[in-house]
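Student: Quick check, what structure comes out for this input:
(one chain, ligands or ions: 3)
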Amino acid sequence: MPAMLTDVFRGHPIHLPHSHIPDFTSLRELPDSYKWTPKDDLLFSAAPSPPATGENIPLIDLDHPDATNQIGHACRTWGAFQISNHGVPLGLLQDIEFLTGSLFGLPVQRKLKSARSETGVSGYGVARIASFFNKQMWSEGFTITGSPLNNFRKLWPQHHLNYCDIVEEYEEHMKKLASKLMWLALNSLGVSEEDIEWASLSSDLNWAQAALQLNHYPVCPEPDRAMGLAAHTDSTLLTILYQNNTAGLQVFRDDLGWVTVPPFPGSLVVNVGDLFHILSNGLFKSVLHRARVNQTRARLSVAFLWGPQSDIKISPVPKLVSPVESPLYQSVTWKEYLRTKATHFNKALSMIRNHREE
Ligand SMILES: C=C1C[C@]23C[C@@]1(O)CC[C@H]2[C@@]12CCC[C@@](C)(C(=O)O1)[C@H]2[C@@H]3C(=O)O
Ligand SMILES: O=C(O)CCC(=O)C(=O)O
Ligand SMILES: [Fe+2]
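Tutor: Numbering: from 1, shown residues only. Ligands and ions are numbered 1, 2, ... in the order given. This is a model prediction of the structure:
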């Protein structure tokens with residue numbers, strides 16, 4: 001996988017307190033800096049949840065004859081769905097979960113040997129969005145772009161090659177799955193490969209790239225006051241998320257509030273990201289989501305964040321733009337968008353939106 005994302009934050013350092021990541025297991029009480037009140041998580045103005053209706057994001061069987069329409073509907077209404085029969089071997093999901101558990105189980109001092117630098121993308125640390133919040137999140141993360149070899153060697157001097165193989169195999173499966181899902185979703189809108197210049201020009205998947213984000217949410221002494229990962233949308237085209245058998249992911253819908261996505265063994269969660277929202281001229285929703293924590297079980301998740309190569313301009317598909325209106329968004333590369341997001345976070349999408357005359 002080409003390492004094009006690695007230099008995206010060069011010249012855009014963020015000062016994050018990686019070195020202050022505590023040894024979570026030793027904390028019997030929640031420190032004040034980790035106590036969130038509802039106003040600490042208001043950057044995306046998500047209204048409080050109305051009473052639960054039991055509605056949830058759809059679980060779509062990819063072998064179902066109507067899968068295309070179901071995916072299209074889910075992208076328009078939720079911006080998220082779960083999938084079964086996705087073709088990723090269960091053993092590989094178990095391997096990536098094992099790798100993730102093993103990484104975060106290492107002593108803090110070892111993990112810090114591969115700490116993400118202030119201008120880097122890859123490595124160990126707190127989520128990049130942490131700089132926008134006054135409170136700290138109850139989680140730790142590890143981002144992989146390009147080869148993980150150098151970092152993995154520092155983490156596991158003996159076993160790094162086995163772990164590199166797992167990451168490579170996982171990314172290969174994810175790449176193919178993400179592309180299949182994108183085309184199914186676009187087909188549901190009547191859009192095919194010939195309608196998108198950059199996709200039709202390059203053979204196989206040379207136009208795509210990705211980052212793998214491993215997340216750990218340790219057991220928390222006061223889960224109702226803590227936040228695992230604050231509300232955000234992904235900057236991607238699509239994100240494919242594996243979660244272990246512990247609930248915590250929540251997605252937001254204006255009419256339903258925060259809805260918890262139950263883990264179904266072997267299934268994967270798919271999120272529409274901001275770039276897919278732009279490409280679909282606003283028809284697909286980039287889903288606002290967050291992760292909560294709990295008092296009894298540690299939670300692990302693995303997000304495959306998938307988007308176009310850094311030099312590809314994403315703009316609304318002409319077929320989806322009305323002939324009498326301008327496209328909803330200006331064109332933008334993933335790199336430009338990540339930089340805008342790194343400085344303006346929740347305002348990034350509206351900054352590239354074309355404001356129409358009334
Ligand atoms: C490619 C990327 C997407 C991401 C920023 C990053 O450079 C690598 C990590 C990704 C992640 C994972 C956790 C949530 C998120 C908002 C963050 O802070 O880092 C996403 C970023 C994103 O989608 O914008
Ligand atoms: O842990 C989760 O369920 C969410 C992770 C996530 O949103 C991310 O890595 O972007
Ligand atoms: Fe996310």
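Student: Contact partners for residue 75?
Tutor: With contact set as CB atoms under 8 Å, 6 or more residues apart in numbering, residue 75 has these partners: 81, 185, 188, 272, 276, 280, 283-285. Yep, even glycine has a C-beta here, placed from its N, CA and C like the rest.
Student: Which secondary structure element is home to it?
Tutor: In this structure, residue 75 is located in helix 67-77 according to DSSP states H and E.
Student: what's the answer for residue 269, then?
Tutor: With DSSP H and E as the criterion, residue 269 is inside strand 268-272.
Student: Just give the nearest non-adjacent residue to residue 273, would you?
Tutor: The shortest distance from residue 273 to any non-neighbouring residue, by CB to CB, 6 or more residues apart in numbering, is to residue 236 (3.2 Å).
Student: residues near the one you found, how many?
Tutor: The local packing of residue 236 (other CB atoms under 10 Å) involves 26 other residues.
Student: hang on, isn't it packed against residue 306?
Tutor: Yes: look at residue 236 against residue 306 with CB atoms under 8 Å: they come within range, at 5.5 Å.
Student: Tell me the residues of the stretch 201-350 of the chain that contact ligand 2?
Tutor: If contact is defined as CB under 6 Å from any ligand atom, the residues of the stretch 201-350 of the chain in contact with ligand 2 are 213, 215, 229, 234, 241, 243, 248-249, 289, 291, 301, 303.
Student: quick one, helices of this structure?
Tutor: Under the criterion DSSP state H, helices of the chain are mapped to 67-77, 90-104, 108-111, 149-155, 160-187, 197-201, 274-279, 334-344, 348-351.
Student: In the fifth one, which residues are buried?
Tutor: This means helix 160-187. Of the residues in helix 160-187, those buried under the neighbour-count criterion (16 or more other CB atoms under 10 Å) are 160, 163-164, 166-167, 170-171, 173-175, 177-179, 181-186.
Student: by contact count, what packs against it?
Tutor: helix 67-77, helix 90-104, helix 149-155, strand 208-217, strand 238-243, strand 268-272, strand 299-308 (3 or more CB pairs under 8 Å, 6 or more residues apart in numbering; DSSP states H and E).
Student: Make JSON lines out of these and add distance to residue 138.
Tutor: Written out in JSON lines, the entries for those read as follows (distance: least, CB to CB, whole Å):
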{"stretch": "helix 67-77", "distance to residue 138": "29"}
{"stretch": "helix 90-104", "distance to residue 138": "13"}
{"stretch": "helix 149-155", "distance to residue 138": "22"}
{"stretch": "strand 208-217", "distance to residue 138": "6"}
{"stretch": "strand 238-243", "distance to residue 138": "16"}
{"stretch": "strand 268-272", "distance to residue 138": "20"}
{"stretch": "strand 299-308", "distance to residue 138": "10"}
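Student: Mean pLDDT and distance to residue 194 added to those, as JSON lines?
Tutor: Conversion of those to JSON lines gives the following (pLDDT from 0 to 100; distance: least, CB to CB, whole Å):
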{"stretch": "helix 67-77", "mean pLDDT": "98", "distance to residue 194": "17"}
{"stretch": "helix 90-104", "mean pLDDT": "98", "distance to residue 194": "33"}
{"stretch": "helix 149-155", "mean pLDDT": "96", "distance to residue 194": "39"}
{"stretch": "strand 208-217", "mean pLDDT": "97", "distance to residue 194": "18"}
{"stretch": "strand 238-243", "mean pLDDT": "98", "distance to residue 194": "21"}
{"stretch": "strand 268-272", "mean pLDDT": "98", "distance to residue 194": "23"}
{"stretch": "strand 299-308", "mean pLDDT": "98", "distance to residue 194": "17"}
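Student: That'll do, ta.
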